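Undergrad: Fold the following, please.
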Amino acid sequence: MPFYQPNPQLTTLAEQALAATWAQFPDLKPEQIALTWIVYDRPIPVNTGGAITADELWKYPVRGFNHRGGDRIYPASIAKLFYLLAIHEWLEQGMATPSAELDRAIRDMIIDSSNDATSLVVDTLTGTTSGPELSSGPFTTWQAQRNLINRYYQSLGWAELESININQKTWSDGPYGRERAFVGEMRENRNMLTTDAVARLMHSIVGGAAVSGDRSNQMMQLLHRDLNLAQVTPNSGEENQLNGFLGAGLPPESQIWSKAGWTSQVHHDVAYIELVDRQPYLLIVFTEGTATSQNRQILPFISDRIVTAMSQV
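TA: I've put the predicted structure just below:
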């Protein structure tokens, strides 16, 4: 069972939104989209500035819906959310050394979705570096080190994380050398996430339960997006993680904290959204497929449909 409670009203509203999406974009098949939607009813337990403890957050019931929420999908840059939380855990526990350069990499990894910055963060988390192929013994040790991130997330005991893999760097052109060997001949060891797994991670950050209240707040600051960037040039190709994503479907007075991910094969977004005079919510949408991943109208359309649905919640 997911950490949220399935709800008949949300199911009806979400299924209507999905039906409208498939009608609007017939090339998008039901098996090419995964979605998790979490609604926070009052008293709202998230983005409280530390008003409740982590233990209280996990006891607080939340309503939700998912379509293929447990299906494993290549996450692209959504993986960076998991590296963000992990590096804060490492820093909190003294397993990583703070530095201005690491701070710069963490910032650029989230704000700009830089793959080069992410490479430094993953190296810091695991004590590994990219490079030429390794002989058998050193490569076995290297792989064990790279899997530190997986072992950390498995140690949390969250059912939603049981099937994920989060041990690969993100690339612009692709992996080479030992990284290519590690991902596997058929890329069978590539990163894989589910929208439910991402929802639980994002819930912990937004709820102030990720590592500590102070570190959750630091993560939230990096994830906050300026919707003015989406309103000025809503149809441009500018990669600001708003145009073509969930933020582009929001009223301009809304607030959004988000992380997008995209390649030639996938188009994803993860967002915590606060509307005026409505409950806040989490929305995680993954889409797959060469044709649909290039369509920058799908995620804004879904976001707009969910905004409409929130008026009926």
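Undergrad: rest of the way, CA atoms for contacts and neighbours
TA: Noted.
Undergrad: What is the longest helix seen in the chain packed up against?
TA: Longest helix in the chain by number of residues (criterion: DSSP state H): helix 8-24. Identification of packing neighbours for helix 8-24 by 3 or more Cα pairs under 8 Å, 6 or more residues apart in numbering; DSSP states H and E yields strand 63-67, helix 298-310.
Undergrad: Out of these, which one sits most buried?
TA: The highest average neighbour count among these, using mean count of other Cα atoms under 10 Å, belongs to strand 63-67 at a mean of 22.
Undergrad: how near is residue 12 to residue 5?
TA: Using Cα to Cα, to the nearest Å, residue 12 is found at 14 Å from residue 5.
Undergrad: and residue 137, that's in a strand?
TA: No: with DSSP: H, G, I helix; E, B strand; the rest coil as the criterion, residue 137 is helix rather than part of a strand.
Undergrad: measure it to residue 226 for me?
TA: Taking Cα to Cα, one finds residue 137 at 48 Å from residue 226.
Undergrad: Look at the two and report which has more neighbours.
TA: More crowded of residue 137 and residue 226, by other Cα atoms under 10 Å: residue 226, with 15 against 8.
Undergrad: before we move on, back to that, to residue 16, which of the helices and strands packed on helix 8-24 lies closest?
TA: helix 298-310 (8.7 Å; Cα to Cα).
Undergrad: Just the CA coordinates for the closest one, please, in CSV.
TA: Taking C-alpha atoms only, helix 298-310 is exported to CSV below (Å, rounded to 0.1, in the frame of the first residue of the first chain):
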residue,chain,number,x,y,z
ILE,A,298,1.0,17.5,-22.8
LEU,A,299,2.2,18.3,-19.3
PRO,A,300,0.8,21.9,-19.2
PHE,A,301,-2.6,20.4,-20.4
ILE,A,302,-2.6,17.8,-17.6
SER,A,303,-1.6,20.5,-15.1
ASP,A,304,-4.5,22.7,-16.2
ARG,A,305,-6.9,19.8,-15.9
ILE,A,306,-5.7,19.2,-12.3
VAL,A,307,-6.1,22.9,-11.4
THR,A,308,-9.7,22.6,-12.6
ALA,A,309,-10.2,19.4,-10.6
MET,A,310,-8.9,21.1,-7.5
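Undergrad: Tell me which residues are up against that helix.
TA: Contacts with helix 298-310, where a contact means Cα atoms under 8 Å, 6 or more residues apart in numbering, come from 13-14, 17-18, 21, 25, 244-250, 269, 278-279, 285, 292.
Undergrad: Which PyMOL command selects the buried ones in those?
TA: The following PyMOL line selects those of these that are buried, judged by 16 or more other Cα atoms under 10 Å:
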select buried, resi 13+14+17+18+21+244+245+246+247+248+249+250+269+279+285+292
